[in-house]
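*Asks:* structure for this input, please:
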Amino acid sequence: GELSPGESVSCTGSYPVTQADIDAGTRANLATTTGDCPDGTEDCASDDDPHDEPLPQAPAIDIEKTPDFQLVDEGTLAIFTITVTNTGNVTLDPVTVSDPLAPDCDRDLGSMAPGDVQQYDCSVMVTANLTNVATATGTPPAGGRVSDVDDADVVMMGDVCEDGKPQTLVMLYTGTPCVDFVTKPGMLCNQQSGPEIIMEGDAMMLDPARIVVMDHRGKVLFDGLVELNGTFSITGPGNKRIPPRTRIEIYDPETGELKETIQFHSSCSQPLFTGDDFGSVKLIDEG
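*Replies:* Residues are numbered from 1 along each chain as shown. Model prediction:
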């Protein structure tokens, strides 16, 4: 249209930002205006204004290694699933996974666009208890690399009483009771029996749960909040050997309601193995 001296006009426009623009961190834009003169001369006046629009970059990466915990026999394979996700807004290239204790889990995943997910299985031969850590690292178009870590515990199954009475038992809070022949077809949750063995109630996957541990005389050995799939230790009074029987009570920390009661022989008067389930807790290690 026509513009008189001193008159102005404004206009707006839009542009669909591409992934390449975000990876570059900026989008160049050049606006140009031209005008014809009254004598008919075309494009006798012109002007332009360049502008570089910055596009924020937020590189991020996530790695998940499952299962968080597993019990295996010595000399067998522990198998993991590793999932890597580009949770940022820029392309990461390259993306690598490093797992020093499980070299089979090392991977070069190449380039990953935002939202991309790569998943794979890997394994390690188990000859000792271990906590192995997988690290995912990605290189963004600009700035430093980003990384994330996740770990998984592997414990060998074994006889806790092989070398005498244990001083400490490390327990895993699973949140749900083991049920014979259901969760472990053809197997028992543990090999203990008798009227002193108690497994009553259901923790109902409380997260966290308040767990209270007592000896056979009612002395409190542990009292604290434990997250789902978290661990806690049972140690005898004065750091002496654990008592002949251990009682575990699991409470709802918000209501104070007792949800589950567990009691078992803890000083080798009955069989005691890593991997044994007692209600919503599992024996995973001894010290």
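*Asks:* rest of the way, CA atoms for contacts and neighbours
*Replies:* Will do.
*Asks:* and the helices in this structure, which stretches?
*Replies:* 19-24 (DSSP state H).
*Asks:* in it, what residue sits furthest out from the centroid?
*Replies:* Centroid-distance maximum for the chain: residue 39 at 73.9 Å, with CA atoms, centre = their mean.
*Asks:* can you pull the contacts of it?
*Replies:* Going by CA atoms under 8 Å, 6 or more residues apart in numbering, residue 39 touches no other residue.
*Asks:* please apply the same query to the one 5 residues further on.
*Replies:* Under the criterion of CA under 8 Å, 6+ apart, the contact list for residue 44 reads 34, 35, 36, 37.
*Asks:* dihedrals phi and psi, the residue farthest from the centre of the chain?
*Replies:* Main-chain torsions, residue 39, degrees, to the nearest 10: phi -80, psi 0.
*Asks:* mind checking pLDDT for it?
*Replies:* pLDDT, residue 39: 83.
*Asks:* show me the shaky parts of the stretch 51-200 of the chain.
*Replies:* 179-188 (pLDDT under 70).
*Asks:* wait, what's in contact with the closest residue to residue 286 other than its chain neighbours?
*Replies:* Excluding the flanking residues, the one nearest residue 286 by CA to CA, 6 or more residues apart in numbering is residue 169, at 4.5 Å. For residue 169, the contacting residues are 233, 234, 235, 283, 284, 285, 286, 287, by CA under 8 Å, 6+ apart.
*Asks:* by neighbour count, which of the contacts of residue 44 wins?
*Replies:* Counting neighbours by other CA atoms under 10 Å, residue 35 leads the contacts of residue 44 with 15 neighbours.
*Asks:* so it touches residue 41, yeah?
*Replies:* No. Using CA atoms under 8 Å, residue 35 is not in contact with residue 41, being 9.0 Å away.
*Asks:* just to revisit the earlier point, most neighbours among the contacts of residue 169, which one is it?
*Replies:* Result: residue 284 is most packed of these (other CA under 10 Å), 26 neighbours.
*Asks:* tell me the spacing between that residue and residue 170.
*Replies:* 6 Å (CA to CA, to the nearest Å).
*Asks:* residue 178: which of the contacts of residue 169 is nearest?
*Replies:* residue 283 (12.2 Å; CA to CA).
*Asks:* dump the contacts of residue 169 to CSV, plus distance to residue 248 and pLDDT.
*Replies:* Listed next are the contacts of residue 169 as CSV, based on distance: CA to CA, whole Å; pLDDT from 0 to 100:
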residue, distance to residue 248, pLDDT
233, 12, 94
234, 10, 92
235, 13, 88
283, 13, 93
284, 16, 89
285, 17, 88
286, 17, 83
287, 19, 71
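*Asks:* if anything else comes up later, I'll come back, but that's it for now.
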